[in-house]
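[1] What shape does this take:
(2 chains)
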Number of protein chains: 2
Amino acid sequence: MKKKYSEMNQTERKEVYKELTKEYKDYQYKALNLNMSRGKPSPEQLDLSMGMMDVLGSTADLTCEDGADCRNYGVLDGIPEAKELLGDIMEVNPNNIIIYGNSSLNVMFDFISRSMTHGVMGSTPWCRLPKVKFICVVPGYDRHFAITEYFGIEMVNVPMLPTGPDMDLVEKLVSSDDSIKGIWCVPKYSNPTGNSYSDETVRRFARLKPAAADFRIYWDNAYTVHHLYDHHQDHLIEILAECKRAGNPDLVYKFASTSKISFPGSGIAACAASLNNLEDIRNQLKFQTIGHDKVNQLRHVRFFGDIHGVVEHMRLHADIMRPKFEAVETIFEEELSGLEIGSWTKPNGGYFISFDALPGCAKAIVAKAKKAGVVLTSAGASYPYGKDPMDSNIRIAPSYPSLPEIKTAAKLFALCVKLVSLEQLMDEKTPAEEAAKPVSDEKKTAK
Amino acid sequence: MKKKYSEMNQTERKEVYKELTKEYKDYQYKALNLNMSRGKPSPEQLDLSMGMMDVLGSTADLTCEDGADCRNYGVLDGIPEAKELLGDIMEVNPNNIIIYGNSSLNVMFDFISRSMTHGVMGSTPWCRLPKVKFICVVPGYDRHFAITEYFGIEMVNVPMLPTGPDMDLVEKLVSSDDSIKGIWCVPKYSNPTGNSYSDETVRRFARLKPAAADFRIYWDNAYTVHHLYDHHQDHLIEILAECKRAGNPDLVYKFASTSKISFPGSGIAACAASLNNLEDIRNQLKFQTIGHDKVNQLRHVRFFGDIHGVVEHMRLHADIMRPKFEAVETIFEEELSGLEIGSWTKPNGGYFISFDALPGCAKAIVAKAKKAGVVLTSAGASYPYGKDPMDSNIRIAPSYPSLPEIKTAAKLFALCVKLVSLEQLMDEKTPAEEAAKPVSDEKKTAK
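    Got it, this is the predicted structure:
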């Protein structure tokens, strides 16, 4: 049985610290160069889609189902077979889908931009309003927050719970403040916590009564088919259908892409929304472009065939990802469990493990890991303006490095957590027990 | 020697009209279904690039010159070899280039949108200004005008002359009115007139002294390598270099794409600008996307090899396009020359022939052609708000139909011009001679 750091006296702490420092120096001698900062697929994962490169040969017929030549101009919102495939991935009717270019982030940026200049379904353009706010579920996805910050939209934090965003708070904010125009959500295998919204959470989302008619839920379902396990898979109530049932059909924009299915940067993105919303969106889109890359749409459809092909393909991704996630979890369990100096999530899918250190330790842990050659996402990145008020959350992205590298990086990370926690406990002026109180043990039950 | 319609008496006109009407009815019996409305490459042209489909095979190494894996995230502004290729196409230093997605129109839209919400290099966002204006060279490209109209930007017409825009007027407007923030230009093989800006015009552009610091020339060099002939090729002074020489390095954004080189909708687009402008652009771009489709960038580079490959490839396009342009010109010459009921351009490249009918006749000609199964670009489309004040200009796009179809369509078009002109002359209340005055014979000398 390990002794909790909080229950050690300062002499014990110093002794442990001395040993660990020796270990840390050994790592530094190794001159590691590992990167766990972004949710990037590994080269092995990318190899899975190489068949896509020549699935359309130089003699292929590139006519799509409705007779359009995919090589030429036209087809503003996507070829029918791509709508069907993405519809199946996103669990919505193909008629509710627009197929975009290579990046759903780009689509979300453009949606905010359009709302700034033209409003939403006839509302006042946001650039003419004195104040526009977005709710940001924290910890969350840094690139979402960066978009709202870029447009000068004020961000209001709402905490992520094991069931999803704190819906009491969301409901209160959304119904009382008409300057709140949206909320960023990653509802499934959330970035970075890895947990998924509960049925009740989704139902409450669909039943929001926003003060602003142009409020929209930005439902970034980035990890919809990105399971790690065959049998432990999270399942979400489909939000478009639920909004429709609740009498709020226009409340949500749903986003997805094949970035982490085929190739990041060379996949296809999509938005699903009500027909009213789609009409509003197309009214802009027709000025912005003649159409997106239909050849790439067709390439995806011909490679995957159908949703079953996608599911089988994602199983191959999972076979590569799962051991990495499990290695991190096992090492954290071995190295950190019982010390009460941090908690971490154990997701069933997605790209991230979220780690909560003792308050005030995250930045120092990330800095210490970097000094030993392991780059993590900047501490604070999962909060608007890069400011984690507790300086506690660290996002861990185990996908890119190889399995042996991940093991090394996870061990080093645990070591840095220990060292920084001890440093804090040794510096304590208030009683150590108080400071070392577990931050959010409840997250450990998120699985 | 044909008799000018203006010199015929009404009896002669009626006789000719009767004969032509019989001819027209014969066309109607044929139930034609031809489309000369858009600058779409023909299927034969698209076939030229089919080798691109599997130039990156399933075992290919997709690492680019600087070591980045083109299949993964990253590389915001394009891979080095794509910058070099597009740099050669656009005649600029690769360091002055950003490679985008599949559509330069999309890039231009985004530029206007960014200026609306964030201004240009620190200027007041245009959405906060009481009035923003753009100069539109007319006749011009309808999709340019549609973008400015979408953003509520007031459009000021400046006529296109054989040497390019009327620079006296451009200089006067730009230097005196600080609400004028830009000008749309298609400087080479212009859409729709097909002529190119003279050296003097380019030099005067580079020396503009705009009242607004955030004024930019939108230089849409869509047809830069799109020649019809080996020996009669228009050549432009390179505008970025000329602006730099003139001490106005930040004055211009230059756009191009491979849409009509490889595949429309599946090509790659680019913007060239000064380093100051590029910094301003990247400050937005980094929020909008993680990067564009690098696999497609690499696909283009591997397929074309280098600029010489592009030049050779464009020769194959020209071999398909040239007979179509020449067929239209020959038929117009045979059918219309000497009648003084219209003039047309004879470009050395690009995608369009511009036809100027007698004032007040364009809409009726387009309608008549449509009734006989030949779809043309809507009359007025080449003017802001779709309003050609003279109702005279018609854009002819000979690229898409086959050569025999083009011949049929051109004959029918000429017939419709004759019929509508006669209708007008027969209706004349003012002296027919006055109304039938040639509209712009000077355009015929544009070649």
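[2] pLDDT at the residue in the stretch 1-150 of chain A positioned nearest to chain B, what is it?
    Each residue of the stretch 1-150 of chain A has a distance to chain B, by Cβ to the nearest Cβ, and the smallest belongs to residue A:54, at 3.9 Å. For every residue, glycine as well, the C-beta is placed using N, CA and C. Reading off the confidence values, residue A:54 has pLDDT 94.
[3] And for residue A:63?
    Note on residue A:63: pLDDT of 97.
[4] so it makes contact with residue A:70?
    Yes. At 7.1 Å, residue A:63 counts as touching residue A:70 under the criterion of Cβ atoms under 8 Å.
[5] Which of these two has more residues huddled nearby?
    Taking neighbours as other Cβ atoms under 10 Å in any protein chain shown, residue A:63 and residue A:70 compare with residue A:70 leading, 28 against 13.
[6] List the contacts of that one.
    Applying Cβ atoms under 8 Å, 6 or more residues apart in numbering or on different chains to residue A:70 gives the contacts A:62, A:63, A:64, A:79, A:294, A:295, A:297, A:298, B:265, B:266.
[7] what's the nearest residue to it if we skip its chain neighbours?
    With sequence-adjacent residues excluded and distances taken as Cβ to Cβ, 6 or more residues apart in numbering or on different chains, residue A:70 is closest to residue A:294, at 3.9 Å.
[8] What about that neighbour, how many residues nearby?
    Neighbours around residue A:294, by other Cβ under 10 Å: 28.
[9] what does the one 10 residues further on give?
    Burial measure for residue A:304: 23 neighbouring residues, criterion other Cβ under 10 Å.
[10] Please see if stretch A:125-140 touches chain B.
    Yes. With Cβ under 8 Å from any Cβ of the partner chain as the measure, stretch A:125-140 is seen reaching chain B through A:125, A:127, A:128.
[11] Buried ones in that stretch, by neighbour count?
    A:125-127, A:129, A:132-140 (16 or more other Cβ atoms under 10 Å in any protein chain shown).
[12] Measure how buried the residue lying closest to residue A:80 once chain neighbours are set aside is and give me the count.
    Taking Cβ to Cβ, 6+ apart, and ignoring the residues beside it in sequence, residue A:80 has residue A:65 as its nearest neighbour in space, at 4.8 Å. Number of residues near residue A:65 (other Cβ under 10 Å) recorded here: 13.
[13] Residue A:65 against residue A:83, yeah?
    No. If you go by Cβ under 8 Å, residue A:65 and residue A:83 don't touch, sitting 9.9 Å apart.
[14] Out of the contacts of residue A:70, which sit inside helices?
    When these are checked against helices using DSSP state H, the ones located there are A:294, A:295, A:297, A:298.
[15] now for the residues you listed, which pair is the farthest apart?
    Using Cβ to Cβ, the two most remote members of those are A:295 and A:297, lying 7.2 Å apart.
[16] Among these two, which residue is more densely surrounded?
    Of the pair residue A:295 and residue A:297, residue A:297 is the one with more neighbours under other Cβ under 10 Å, namely 29 against 26.
[17] And for the more buried one, nearest residue in space, chain neighbours not counted?
    In space, residue A:297 comes closest to residue A:82 once its chain neighbours are excluded; the distance is 3.9 Å by Cβ to Cβ, 6+ apart.
[18] if we can go back for a sec, please identify which of the ones in helices among the contacts of residue A:70 is nearest to chain B.
    Within these, the smallest distance to chain B is 4.0 Å, found for residue A:295 (Cβ to the nearest Cβ).
[19] need the contact list for the spatially closest residue to the closest one that is not a sequence neighbour.
    Counting by Cβ to Cβ, 6+ apart, residue B:266 is the residue found nearest to residue A:295 once chain neighbours are left out, at 4.0 Å. When contacts are counted by Cβ under 8 Å, 6+ apart, residue B:266 is found next to A:70, A:71, A:293, A:294, A:295, A:296, B:102, B:296.
[20] With residue A:35 instead?
    Taking Cβ under 8 Å, 6+ apart as the contact definition, residue A:35 lies against A:374, A:375, A:400, A:401.
[21] Just the element for it, please.
    Take DSSP states H and E as the rule and residue A:35 turns out to sit in strand A:34-36.
[22] So what's the model's average confidence on that strand?
    93.
[23] how distant is that strand from the center of its chain?
    With Cα atoms, centre = their mean, to the nearest Å as the basis, strand A:34-36 stands 18 Å off its chain's centre.
[24] and the residue nearest to residue A:353 when sequence neighbours are not counted, how many neighbours?
    For residue A:353, the nearest residue in space outside its immediate sequence neighbours is residue A:396; the separation is 4.4 Å by Cβ to Cβ, 6+ apart. Look at residue A:396: counted by other Cβ under 10 Å, it has 24 neighbours.
[25] show me the residues around residue A:396 that make contact.
    The neighbourhood of residue A:396, defined by Cβ under 8 Å, 6+ apart, consists of A:36, A:192, A:328, A:344, A:352, A:353, A:354, A:355, A:376, A:377, A:413.
[26] how about it, phi and psi?
    Summarising the backbone geometry of residue A:396 under the convention degrees, to the nearest 10, its torsions are phi -110, psi 130.
[27] got it, and residue A:421?
    Backbone torsions for residue A:421, taken as degrees, to the nearest 10, come to phi -60, psi -40.
[28] thinking it is in contact with residue A:359, fair?
    No. Residue A:421 is beyond contact range of residue A:359, at 10.6 Å (criterion: Cβ under 8 Å).
[29] okay, these two: which has more neighbours?
    The neighbour count for residue A:421 versus residue A:359, taken as other Cβ under 10 Å, is higher for residue A:421 (27 against 16).
[30] sorry, back to before: the residues of stretch A:125-140 next to chain B in helices, which ones?
    Secondary-structure check on these using DSSP H: no residue lies within helices.
[31] What is the nearest of those residues to residue A:112?
    Nearest to residue A:112 among the residues of stretch A:125-140 next to chain B, with distances taken as Cβ to Cβ, is residue A:127, at 10.9 Å.
[32] Quick check: that closest one touching residue B:129?
    No. Taking Cβ under 8 Å as the contact criterion, residue A:127 and residue B:129 are not neighbours in contact, 11.2 Å apart.
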